[in-house]
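S.K.: Coordinates for the following, if possible.
(one chain, ligands or ions: 1)
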Amino acid sequence: MKLKIFWFREDLRLEDNRGLFEFTNSLNPNERFLFLYIKNENSFNFFGAKRIRFLYESLDELKKSLNNLGFDLFITKGKSTEVIKKISEEFEEVINYANEQPEIYSRNREEKVKKISNVQLNLYTDSTIFGFNEVLKDDGKPYTVYTPFSKKFFVLLNNDRYKNFKADLSKLHTEKEFKPKKILVFDISGGLNEIDDIGVIKGGRSEGIKLLKKFYDGGISSYKKFRDFPATKGTSYLSPFLHFGIIGIRECFRTAYSKLNKSQESESQEILTWIKELIWREFYYNISYHFSYTDKFSFKKEYDKLNWRYDEDSFRKWCDGKTGYPIVDAGMRQLKKEGWMHNRVRMIVAMFLTKDLFIDWRWGEKYFAEHLIDMDFSSNNGGWQWSASTGCDAQPYFRIFNPVLQSKKFDTEGDYIKKYVPELQYLPSKFIHTPWEMTSEEQEMYKMRINIDYPEPIVNHQDVKNLILSEFKKISAN
Ligand SMILES: Cc1cc2nc3c(=O)[nH]c(=O)nc-3n(C[C@H](O)[C@H](O)[C@H](O)COP(=O)(O)OP(=O)(O)OC[C@H]3O[C@@H](n4cnc5c(N)ncnc54)[C@H](O)[C@@H]3O)c2cc1C
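M.R.: As a prediction, this is how the structure comes out:
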């Protein structure tokens, strides 16, 4: 007997899901089928509680949506290969339908599944607009710089690329659904009850749709203007939904282009800027796919010779938001509290860790991975290597963000800082970015004593800048 499986991974939606569309189209009325999700133990080792909660909320809603149609989502935990092998033992042939993922660990997993003798794996492009071998240079090689990648992307783009793949589940017969008996079910409601650590973004497709709609009605039209200011809600907050495929990338493109087609010239630049951010995501997915060594090494391999500091004490202060630089501390505290951080601030804190503290980007990448709800291997790795200047198309090493100037420019009144660093709430904007410049009288007046209520800066930016530059220059000279 034959079984067809739809293997949900980072595509947790029934709507406009390419793999699911192909799966339902392929099924004939007599075939057995199964909707499967495997909570892979390995990937969960470094997931933070807020992210797991977000995932469980999303799985719970997906399961309920399938239940409403008379089907089930079989959720289990373990190693994907072992689970699929166990299921396959009950059938002569198993055909798995799933969507492509770029990361090396997912692809290794897929290779193992393909090796099971009676199992076939069919993969489809869904997490990106183009397949990983489609946006290539004229010589067939992958791009390593964003701008030419995005130019080629736009040349290849037409609206067929973001058409809606509507899977017709009504043609499936509930009695043909396979219910595995030899594998333990993972109880998602029980899992949810165990985690009370709630992040700032709630999971589930209905939440994602609400955010997308809200963004379409408002934020997208002023995205370019406000996206860099962490005290404003100038971005879409869709990244965890995009990562888990709760909202699909084609839905985002349809949303953006539908708005663009109705917009005035002045508004269109705002919308195009958002589309270009979506393309940054696609670019980093391509980098992960074609340069899989970046999961452990610097994209520019020579920078793995940098003499990074592995200073636990400074690293801990950075993690805890106690560096004495208010904008850095606000960002790190936001991350711990909400499982989230604004993109501008992600760049500032990442640059601070790698340049001011000269600590290996891999420490920061791991810490983000443990705390971000939207942790996405490719975008996180890309963002970290960009900030550390070790990545493809990275910030050149000599362009080091000055955390004070960044703070003054993007959080001028200190509203964002005050929200996350309450010790500084009475400071006027004159001192909010540099509290160490206050006299002791001013410190008394604004109820904040340096080194008692709030630390002095862990390093002097100007002093360390030259040291770091000389370390980078040593590598570049070789
Ligand atoms: C050090 C560092 C680490 C990061 N780690 C992650 C991560 O783990 N997961 C993640 O999704 N993003 C990461 N980013 C990128 C970016 O910060 C987030 O995607 C963004 O803040 C999410 O907010 P939003 O959904 O409101 O984005 P919007 O500004 O509304 O953008 C829309 C979508 O485009 C994509 N996007 C936007 N900017 C980027 C970017 N620079 N790189 C890649 N994709 C982008 C995201 O999917 C985002 O949801 C990181 C950036 C840096 C500098």
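S.K.: from here on, contacts and neighbour counts on C-alpha atoms
M.R.: Will do.
S.K.: For the nearest residue to residue 39 once chain neighbours are set aside, which three-state class applies?
M.R.: In space, and not counting its chain neighbours, residue 39 is closest to residue 77: 4.4 Å by CA to CA, 6 or more residues apart in numbering. For residue 77, the assignment made with DSSP: H, G, I helix; E, B strand; the rest coil gives strand.
S.K.: Flag every residue of the stretch 151-300 of the chain that's near the ligand.
M.R.: Listed as neighbours of the ligand in the stretch 151-300 of the chain under the rule CA under 6 Å from any ligand atom: 235-239, 242, 277-278, 280-281.
S.K.: now what about the helix or strand hosting residue 83, what contacts it?
M.R.: Taking DSSP states H and E as the definition, one finds residue 83 inside helix 80-88. By CA atoms under 8 Å, 6 or more residues apart in numbering, the surrounding residues in contact with helix 80-88 are 38, 40, 94, 109, 112-113, 116, 118-119, 180, 182-183.
S.K.: if you set the cut-off to 6 Å instead, what comes out?
M.R.: residue 113 (CA atoms under 6 Å, 6 or more residues apart in numbering).
S.K.: Buried residues, that helix. List them.
M.R.: If you call a residue buried by 16 or more other CA atoms under 10 Å, then helix 80-88 has these buried ones: 80-81, 83-85, 87-88.
S.K.: Any chance of JSON lines for the residues you listed, columns pLDDT and distance to the ligand?
M.R.: Shown next, in JSON lines, are the buried residues of helix 80-88 (pLDDT from 0 to 100; distance: CA to the nearest ligand atom, whole Å):
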{"residue": "80", "pLDDT": "94", "distance to the ligand": "23"}
{"residue": "81", "pLDDT": "95", "distance to the ligand": "26"}
{"residue": "83", "pLDDT": "96", "distance to the ligand": "28"}
{"residue": "84", "pLDDT": "97", "distance to the ligand": "28"}
{"residue": "85", "pLDDT": "96", "distance to the ligand": "31"}
{"residue": "87", "pLDDT": "96", "distance to the ligand": "33"}
{"residue": "88", "pLDDT": "96", "distance to the ligand": "34"}
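S.K.: tell me which of those residues is nearest to residue 313?
M.R.: Distances from residue 313 to those, taken as CA to CA, are shortest for residue 80 (38.4 Å).
S.K.: rewinding a little: partner strands of whichever helix or strand comes after the helix holding residue 83, with direction?
M.R.: Where DSSP H and E defines the elements, the next helix or strand beyond helix 80-88 is strand 93-99. Pairing partners of strand 93-99, with direction, according to DSSP bridges: strand 2-8 (parallel), strand 119-124 (parallel).
S.K.: Could you say which of those is packed most deeply?
M.R.: Highest mean neighbour count among these (mean count of other CA atoms under 10 Å): strand 2-8, with a mean of 22.
S.K.: residues making contact with that strand?
M.R.: Contacts for strand 2-8 (CA under 6 Å, 6+ apart): 32-37, 91-98.
S.K.: can you name the two of those that are farthest apart?
M.R.: Across the contacts of strand 2-8, the longest distance by CA to CA is 21.4 Å; it joins 37 and 92.
S.K.: Between those two, which has more neighbouring residues?
M.R.: Each of residue 37 and residue 92 has its neighbours counted (other CA atoms under 10 Å); residue 37 has more, 20 against 12.
S.K.: element containing the more buried one, please.
M.R.: Here residue 37 is assigned to strand 32-40, by DSSP H and E.
S.K.: after the helix or strand bottoming out on mean pLDDT in the chain comes which helix or strand?
M.R.: Every helix and strand in the chain was compared by mean pLDDT, DSSP states H and E; the lowest is helix 41-44, with a mean of 66. Under the assignment DSSP H and E, the closest C-terminal helix or strand after helix 41-44 is helix 49-68.
S.K.: gap between that next one and the chain center?
M.R.: 18 Å (CA atoms, centre = their mean, to the nearest Å).
S.K.: contact partners of it?
M.R.: Under CA under 6 Å, 6+ apart, the answer for helix 49-68 is 72-73, 197-199, 202-204, 373.
S.K.: Would you mind getting the angle between it and strand 2-8?
M.R.: 140 degrees (axes from the mean of the first three to the mean of the last three CA atoms, to 10 degrees).
S.K.: Could you list the buried residues of the helix or strand harbouring residue 463?
M.R.: In the assignment (DSSP H and E), residue 463 maps to helix 461-477. Buried residues in helix 461-477, defined by neighbour count with 16+ other CA under 10 Å: 461, 465, 468, 471-472.
S.K.: circling back to that earlier point, can you redo the strands paired with strand 93-99 as JSON lines with mean pLDDT?
M.R.: What follows is the strands paired with strand 93-99, written out as JSON lines (pLDDT from 0 to 100):
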{"stretch": "strand 2-8", "mean pLDDT": "98"}
{"stretch": "strand 119-124", "mean pLDDT": "98"}
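S.K.: mind giving me JSON lines with the ones you listed and columns for distance to residue 17?
M.R.: Listed next are these as JSON lines, based on distance: least, CA to CA, whole Å:
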{"stretch": "strand 2-8", "distance to residue 17": "10"}
{"stretch": "strand 119-124", "distance to residue 17": "10"}
